[in-house]
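Participant: here is my input, please return the structure:
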Amino acid sequence: MNHINISDILKQQKLLFDGGFGTYYAQVYDTKELPELANILYPERVSRIHEEYVEAGAQIIRTNTFASNTISMELPWNEVEENIRQGYRLAKQVADENDVYVAADIGQIPVENLENWETISKEYVKICRTCLEEGAEIIVFETFADIEDIREAIDYIGNQAFVILQFSVNQFGYSGSGLSARNLVQRAEENEYVDAIGFNCGVGPGHMQQVIEGLSVSGKKYLTALPNASYPQLVSNRMVFKNTNLDYFVEKVQEMLKMGVDIIGGCCGTTPAYVRAMKEAISFAQPEKVLVENEPQIKQEPEKNPSFYAGKEGKKLIAVELVPPLGSDDQVLMDAAHLLLKSGADVLTFPDSPSGRTRADSVLMAEKVAKETGMCVMPHLCCRDKNAIAMRSQVLGAYINQIQNFLVITGDPIPTMARGDVKSVFNFDSVGLMRLMNDMNEEQFAEAPICYGGAINQGRKNLDIEIARVKKKMEAGATFFFTQPICTRESVERVRRIKEETGARILCGIMPFVSLRNATFMKNEMTGIGVTDEVLARYRADMTKEEGEETGVELAREMMALADDFADGYYFSFPFNRVYMLEKILQ
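Facilitator: Residues are numbered from 1 along each chain as shown. I've put the predicted structure just below:
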């Protein structure tokens with residue numbers, strides 16, 4: 001098979017990819033349409049560009065299918081599938097006529113709604129299936145921010161083709177998901193079906209050379225580098241690449257080849273002229289290439305463990321939530337924090353604008369409480385409002401201020417009435433943010449890593465999906481979990497099953513409702529809190545404040561007793577910051 005031939009060839013010589021098909025197509029035909037549409041509308045144009053790159057010296061040409069997906073093309077799958085097949089056939093014909101290789105090109109599908117991720121993952125599989133049915137023996141995934149969305153697709157390909165995975169990073173070496181180039185390569189190296197790993201797009205040759213130089217590759221996979229020609233300039237309201245740096249581009253490519261890059265080429269802005277310049281100036285001789293076998297990695301233990309549970313084995317952990325104020329008056333919260341000083345609480349947590357309504361910043365609120373009380377604090381980090389750059393910045397700032405425990409959540413959606421003016425970010429979900437934080441632990445916080453955990457929604461209709469999510473979070477470095485409040489025996493039993501199947505450190509959520517009105521509100525207004533009619537029946541409308549609180553205390557004790565044999569602790573959320581109830585519950 002051809003993927004075996006490619007491996008054999010790479011052991012003897014380095015290979016040259018083509019350049020940026022899309023940007024060159026736009027330059028030649030001055031169109032603002034997706035170049036991929038030309039597979040059906042103007043096939044002769046597509047063939048001609050492939051021929052130009054081959055004539056310039058390209059040994060591997062990529063199909064014109066980078067954006068051939070239902071989201072980018074805004075077409076139904078049957079039309080996208082036809083586009084992929086036609087795109088492959090056009091490239092294959094040119095490749096066969098000129099005795100070069102063809103690689104099926106797959107780009108990142110743009111996703112704005114987290115709910116669509118599973119659907120997108122399935123579409124990657126369908127794209128790969130289509131490519132394989134057309135006879136693809138090389139498949140290249142380009143411009144990805146991480147490997148997660150395409151794991152299923154890569155597993156589907158298996159050993160049927162030579163798989164190249166290329167990430168896109170900025171000039172500082174971080175992808176759009178916030179992961180470092182080193183971490184991206186490490187994750188890809190762990191996948192047995194990925195044959196070559198590298199980078200394309202995002203940066204020019206100088207910055208890509210710096211990224212390659214900063215890597216610590218294992219030698220398990222072949223290495224690729226396809227930089228942009230340069231950085232684009234805005235000319236007449238269009239982003240244009242100036243093709244005036246051929247000598248500089250080739251110089252940087254030569255440096256990358258000396259660093260161990262096996263497959264070189266170009267991305268945005270690189271024309272056949274760039275390919276010709278590389279072909280004429282570069283020696284593609286390969287020093288004897290031997291891929292190393294996978295070896296078990298010995299992970300160094302951190303010098304310090306700042307987690308809120310460190311040294312407390314066998315103790316029922318106690319976490320208490322303090323909700324930051326809606327305004328600038330934090331007196332109620334600070335009074336509650338000081339009251340908890342002698343409560344035995346192990347950590348105080350601070351929600352990050354829950355329900356999409358602005359509250360005081362969770363990290364800054366946690367910092368103030370820590371400084372005034374000396375207690376261990378844990379801000380919640382929500383993915384809704386910040387991109388990867390802002391999240392990384394926030395974690396760094398928190399760490400500098402001795403905050404090293406975090407609860408990572410995807411976040412509640414913004415209220416419907418506010419959506420017209422306020423936009424969610426959702427650069428990633430909680431698992432994605434955990435991976436980013438794991439990356440920071442390895443790179444910035446190795447001596448005293450941050451500790452982070454996630455939430456469990458035991459009320460999810462399909463509990464198997466929630467169990468799978470918990471396992472994913474644990475793989476991403478989560479070391480503890482807080483559940484949604486448990487109010488019934490059924491809820492407790494669902495958490496018990498999660499504990500049995502994952503072995504996770506779990507603190508069961510406890511919310512002692514203080515009145516019928518409070519319990520009714522939680523039942524009808526807040527998602528994820530399974531308040532039943534039986535729970536409501538415990539309260540009366542004419543209860544005094546003391547009677548309502550006592551009923552809440554009784555409910556809390558009952559739930560704790562039911563979970564006592566498996567719970568690692570309890571996570572208390574007191575309505576209206578009535579934290580003084582904790583002492584009665586723990587008596």
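Participant: got any ranges where the stretch 301-450 of the chain has weak pLDDT?
Facilitator: Applying pLDDT under 70 to the stretch 301-450 of the chain flags the ranges 301-303, 412-427.
Participant: mind listing the helices for it?
Facilitator: 331-339, 362-373, 388-400, 430-443 (DSSP state H, counting those that start in this stretch).
Participant: winner for burial among the ones you listed?
Facilitator: Mean neighbours per residue, mean count of other CB atoms under 10 Å, is largest over the helices of the stretch 301-450 of the chain for helix 430-443, with a mean of 22. For the C-beta atoms, the positions are set from N, CA and C on the backbone; glycine is no exception.
Participant: export that one as PDB, just CAs?
Facilitator: This file holds the C-alpha atoms of helix 430-443, laid out as PDB (Å, rounded to 0.1, in the frame of the first residue of the first chain):
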ATOM      1  CA  SER A 430     -14.900  22.100  30.700                       C
ATOM      2  CA  VAL A 431     -12.900  19.100  29.400                       C
ATOM      3  CA  GLY A 432     -11.100  21.400  26.900                       C
ATOM      4  CA  LEU A 433     -10.300  23.900  29.700                       C
ATOM      5  CA  MET A 434      -9.000  21.100  31.900                       C
ATOM      6  CA  ARG A 435      -6.600  20.000  29.100                       C
ATOM      7  CA  LEU A 436      -5.400  23.600  28.900                       C
ATOM      8  CA  MET A 437      -4.800  23.600  32.700                       C
ATOM      9  CA  ASN A 438      -3.100  20.300  32.500                       C
ATOM     10  CA  ASP A 439      -0.800  21.800  29.900                       C
ATOM     11  CA  MET A 440       0.000  24.700  32.200                       C
ATOM     12  CA  ASN A 441       0.700  22.300  35.100                       C
ATOM     13  CA  GLU A 442       3.300  20.600  32.900                       C
ATOM     14  CA  GLU A 443       4.900  23.800  31.600                       C
END
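Participant: angle of it against helix 388-400?
Facilitator: Orientation check (axes from the mean of the first three to the mean of the last three CA atoms, to 10 degrees): helix 430-443 against helix 388-400 gives 50 degrees.
Participant: other SSEs contacting the following helix or strand past helix 430-443?
Facilitator: The helix or strand immediately downstream of helix 430-443 is strand 451-456, counting by DSSP states H and E. Judged by 3 or more CB pairs under 8 Å, 6 or more residues apart in numbering; DSSP states H and E, the packing partners of strand 451-456 are strand 405-409, helix 430-443, helix 463-475, strand 481-485.
Participant: if we go to 6 Å?
Facilitator: strand 405-409, strand 481-485 (3 or more CB pairs under 6 Å, 6 or more residues apart in numbering; DSSP states H and E).
Participant: against residue 157, how distant is the residue lying closest to residue 81 once chain neighbours are set aside?
Facilitator: Of all residues not flanking residue 81 in the chain, residue 130 sits nearest, at 5.4 Å (CB to CB, 6 or more residues apart in numbering). According to CB to CB, to the nearest Å, residue 130 stands 12 Å off from residue 157.
Participant: residue 340: what's it in contact with?
Facilitator: Residues near residue 340 by CB atoms under 6 Å, 6 or more residues apart in numbering: 320, 579.
Participant: reformat the helices and strands packed on strand 451-456 as JSON lines; add mean neighbour count and distance to residue 526.
Facilitator: Shown next, in JSON lines, are these (neighbours: other CB atoms under 10 Å; distance: least, CB to CB, whole Å):
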{"stretch": "strand 405-409", "mean neighbour count": "26", "distance to residue 526": "14"}
{"stretch": "strand 481-485", "mean neighbour count": "25", "distance to residue 526": "9"}
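Participant: dump the ones you listed to TSV, plus distance to residue 34.
Facilitator: Listed next are the helices and strands packed on strand 451-456 as TSV, based on distance: least, CB to CB, whole Å:
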stretch	distance to residue 34
strand 405-409	36
strand 481-485	43
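Participant: nearest to residue 431, of the ones you listed?
Facilitator: For residue 431, the closest of those is strand 405-409, at 8.6 Å, according to CB to CB.
Participant: parallel or antiparallel, list what pairs with the closest one.
Facilitator: Its sheet considered, strand 405-409 pairs with strand 377-382 (parallel), strand 451-456 (parallel) by DSSP bridges.
Participant: burial check on the residue nearest to residue 81, number of neighbours?
Facilitator: 21 (other CB atoms under 10 Å).
Participant: repeat that for residue 546.
Facilitator: By other CB under 10 Å, the residues close to residue 546 number 9.
Participant: cool, residue 223 as well?
Facilitator: By other CB under 10 Å, the residues close to residue 223 number 22.
Participant: list phi and psi for it.
Facilitator: Main-chain torsions, residue 223, degrees, to the nearest 10: phi -120, psi 140.
Participant: bridging residues for it?
Facilitator: residue 197.
Participant: that one is in contact with residue 199, isn't it?
Facilitator: No. Using CB atoms under 6 Å, residue 223 is not in contact with residue 199; the gap is 9.2 Å.
Participant: got the contact list for the residue nearest the centre of the chain?
Facilitator: Nearest residue to the geometric centre of the chain (CA atoms, centre = their mean): residue 432, 2.9 Å. Taking CB under 6 Å, 6+ apart, we find residue 432 in contact with residue 177.
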